[in-house]
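In: any chance you can model this:
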Amino acid sequence: MSNPSRTGHKPLALGLIVVAAALVAAGVLSRRSQAEQVKEASTPVVPTVSILAATQITGAPLELSARIEPWQRAPIYARVSGYLKSWSVDIGAQVKNGQTLADIETPDLDQQLLQAKAELATSRSNLTLATSTAKRWQGLLQADAVSHQEADEKAGDLAAKQSAVSAMQANVDRVQALQRYTRLVAPFDGVITARNTDVGALINVGGAPGSELFVVSDISRLRVYVNVPQRQVAAIKVGDKAELSVPERPGKVFTATVQSLSQSINASSGAMLVQLTVQNDSRELLPGGYASIHFDAPLASAALSIPPSALIFNKAGTQVATLGKDNRVVVKPITVGRDLGNVVEVASGIDRNDQVIANPPDGVSTGDQVKVAAANANNNAKAKL
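Out: Modelled structure (predicted):
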């Protein structure tokens with residue numbers, strides 16, 4: 001007969017062996033999984049990038065910002081002191097050459113004129129007396145009743161009185177000339193673009209900016225000033241036509257003509273000032289505003305363009321990442337020319353053979369390994385075929 005206790009212990013022992021084996025297998029699998037994860041974490045991740053070729057922009061139009069100024073602009077200052085008696089034109093009014101803008105009341109100047117005239121009358125009376133005295137002494141000299149010295153003294157006194165009369169007359173003329181400035185007039189046909197005074201205001205003589213009483217501007221024709229970069233100045237010449245547009249007239253284009261060039265490059269901006277003129281008979285263009293100038297003149301030399309997403313900005317300046325040998329990155333510094341909206345002009349730093357990384361990863365540097373996207377790889381293979 002078999003031992004019942006031994007028979008009952010066999011299933012239990014087999015169960016324990018199975019459990020132990022399962023635990024050992026789970027531990028082995030867990031360690032293998034952890035080892036694989038550590039191995040994957042220690043393996044550097046190679047980023048996948050897209051590449052593109054720099055596009056040549058030959059004969060692209062030149063679009064620049066400009067400012068508009070009136071053809072003539074005259075700030076009207078006070079030439080005499082007093083109080084504003086009246087004004088007859090306000091901002092926006094059309095004026096003609098010589099038209100009265102305002103009148104200044106000058107009580108002090110009026111008294112100066114009265115004083116000058118009184119002094120002139122006194123001088124003339126002294127001159128009359130000196131004239132008769134000199135003639136009398138000349139008669140006495142011929143009769144040998146007086147000496148030559150005394151007669152010369154009277155003649156000298158007459159000359160002095162004549163000079164005094166001339167000086168007093170000049171003073172009267174000066175005050176009368178100043179009185180003509182009590183009436184402010186327009187120096188040319190134009191529009192009143194500023195009025196900085198009112199009736200009863202104290203008027204002082206001055207010519208400092210901001211102290212003008214009126215500003216008259218001729219806006220029938222306008223001057224347009226634009227700074228042309230040095231690389232494009234050779235393509236601009238006097239007589240060239242350009243298209244002008246302003247934000248307040250969307251869709252409308254005005255024709256401007258190059259009037260003159262400064263013939264000098266500004267050291268701070270690296271550009272040359274160019275003056276254009278544009279007719280403004282309809283008064284649609286406003287002086288003092290900003291405008292956009294579109295030149296059809298081609299660039300002086302062929303340039304390359306890339307999308308803004310390819311640019312890298314850091315402490316080293318503006319750079320781009322290019323694809324080198326063995327799919328390793330080569331970072332190159334570049335000089336950006338103009339911002340053309342969806343692309344930027346590259347003045348220097350890359351050439352047409354460079355493969356530019358379209359969206360470079362953060363912190364990318366020269367020598368980093370990258371993987372080219374499948375679409376780019378297929379395109380490169382087709383290009384080689």
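
In: strands along the stretch 251-385 of the chain, start to end?
Out: Remark: strands assigned in the stretch 251-385 of the chain by DSSP state E, counting those that start in this stretch are 254-265, 271-279, 290-295, 303-306, 311-314, 317-323, 329-333, 335-339, 344-348, 355-357, 371-372.

In: which elements pack onto the fifth one?
Out: So the one you mean is strand 311-314. The criterion is 3 or more CB pairs under 8 Å, 6 or more residues apart in numbering; DSSP states H and E, and the helices and strands that strand 311-314 contacts are strand 317-323. C-beta coordinates here come from the backbone N, C-alpha and C atoms, glycine included.

In: give me the contacts around the strand it packs on.
Out: The contact list for strand 317-323, computed with CB atoms under 8 Å, 6 or more residues apart in numbering, reads 49, 51, 306, 310-313, 329-336, 346, 349-350, 354-357, 360, 364, 370, 372.

In: what about the closest residue to Val331 other than its chain neighbours, neighbour count?
Out: Using CB to CB, 6 or more residues apart in numbering and skipping residues adjacent in sequence, the residue nearest Val331 is Thr366, 4.8 Å away. Neighbour count of Thr366, defined by other CB atoms under 10 Å: 13.

In: and for Ala321?
Out: Ala321: 26 neighbours (other CB under 10 Å).

In: about what we covered before: now do the contacts for the residue nearest to Val331.
Out: Counted by CB under 8 Å, 6+ apart, Thr366 has contacts 328-331.

In: 7 Å instead?
Out: By CB atoms under 7 Å, 6 or more residues apart in numbering, the residues touching Thr366 are 329-331.

In: repeat for Ile17
Out: No residues are in contact with Ile17 under the rule CB under 7 Å, 6+ apart.

In: for Pro360, see how far away it is.
Out: When distance is defined by CB to CB, to the nearest Å, Ile17 is 59 Å away from Pro360.

In: what is the least confident helix or strand in this structure?
Out: For the chain, the helix or strand with the lowest mean confidence is helix 374-384, at a mean of 55 (criterion: mean pLDDT, DSSP states H and E).

In: how much space between the nearest residue to Pro47 once chain neighbours are set aside and Val46?
Out: Once flanking residues are discounted, Pro47 sits nearest to Pro361: 4.7 Å by CB to CB, 6+ apart. Distance, Pro361 to Val46, by CB to CB: 10 Å.

In: what do you get for Gly288?
Out: From Gly288 to Val46 the distance is 57 Å (CB to CB).

In: one more: Ser292?
Out: Applying CB to CB to Ser292 and Val46 gives a distance of 46 Å.

In: which one's more surrounded, the two?
Out: With neighbours defined as other CB under 10 Å, Ser292 and Val46 compare such that Ser292 has more, 15 against 11.

In: residue contacts, the more buried one?
Out: Neighbours of Ser292 in contact, by CB under 7 Å, 6+ apart: 63, 65, 245.

In: kindly reformat those as TSV containing distance to Gln232, pLDDT and neighbour count.
Out: Below are these laid out as TSV (distance: CB to CB, whole Å; pLDDT from 0 to 100; neighbours: other CB atoms under 10 Å):
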residue	distance to Gln232	pLDDT	neighbour count
Glu63	11	86	15
Ser65	14	93	10
Ser245	19	95	15
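
In: and which of the residues you listed is nearest to Ser264?
Out: Ser65 (19.8 Å; CB to CB).

In: what angle sits between the helix or strand harbouring that closest one and strand 335-339?
Out: In the assignment (DSSP states H and E), Ser65 maps to strand 62-76. Put simply, strand 62-76 runs at 70 degrees to strand 335-339, going by axes from the mean of the first three to the mean of the last three CA atoms, to 10 degrees.

In: adjacent strands (with direction) for strand 62-76?
Out: strand 214-229 (antiparallel), strand 290-295 (antiparallel) (DSSP bridges).

In: and the following helix or strand past that strand, what does it pack against?
Out: Next helix or strand after strand 62-76 toward the C-terminus (DSSP H and E): strand 82-87. The contact analysis (3 or more CB pairs under 7 Å, 6 or more residues apart in numbering; DSSP states H and E) places strand 82-87 against strand 100-105, strand 202-203.

In: Ser163 belongs to a helix?
Out: Yes. Assessed by DSSP: H, G, I helix; E, B strand; the rest coil, Ser163 belongs to a helix.

In: just the buried positions in stretch 281-292, please.
Out: 285-287, 291 (16 or more other CB atoms under 10 Å).

In: make that stretch 185-196, sorry
Out: For stretch 185-196, by 16+ other CB under 10 Å, it's 185-186, 190-193, 195.

In: do stretch 195-215 as well
Out: 195, 197, 203, 212-215.

In: run through who's touching it.
Out: Residues contacting stretch 195-215 (CB under 7 Å, 6+ apart): 73, 75-84, 86-87, 90-91, 101-102, 104, 184, 192-194.

In: now the strands of the stretch 251-385 of the chain in JSON lines, with distance to Arg124 and mean pLDDT?
Out: Conversion of the strands of the stretch 251-385 of the chain to JSON lines gives the following (distance: least, CB to CB, whole Å; pLDDT from 0 to 100):
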{"stretch": "strand 254-265", "distance to Arg124": "56", "mean pLDDT": "95"}
{"stretch": "strand 271-279", "distance to Arg124": "56", "mean pLDDT": "96"}
{"stretch": "strand 290-295", "distance to Arg124": "63", "mean pLDDT": "93"}
{"stretch": "strand 303-306", "distance to Arg124": "81", "mean pLDDT": "82"}
{"stretch": "strand 311-314", "distance to Arg124": "84", "mean pLDDT": "88"}
{"stretch": "strand 317-323", "distance to Arg124": "82", "mean pLDDT": "89"}
{"stretch": "strand 329-333", "distance to Arg124": "86", "mean pLDDT": "90"}
{"stretch": "strand 335-339", "distance to Arg124": "76", "mean pLDDT": "79"}
{"stretch": "strand 344-348", "distance to Arg124": "79", "mean pLDDT": "82"}
{"stretch": "strand 355-357", "distance to Arg124": "93", "mean pLDDT": "90"}
{"stretch": "strand 371-372", "distance to Arg124": "105", "mean pLDDT": "85"}
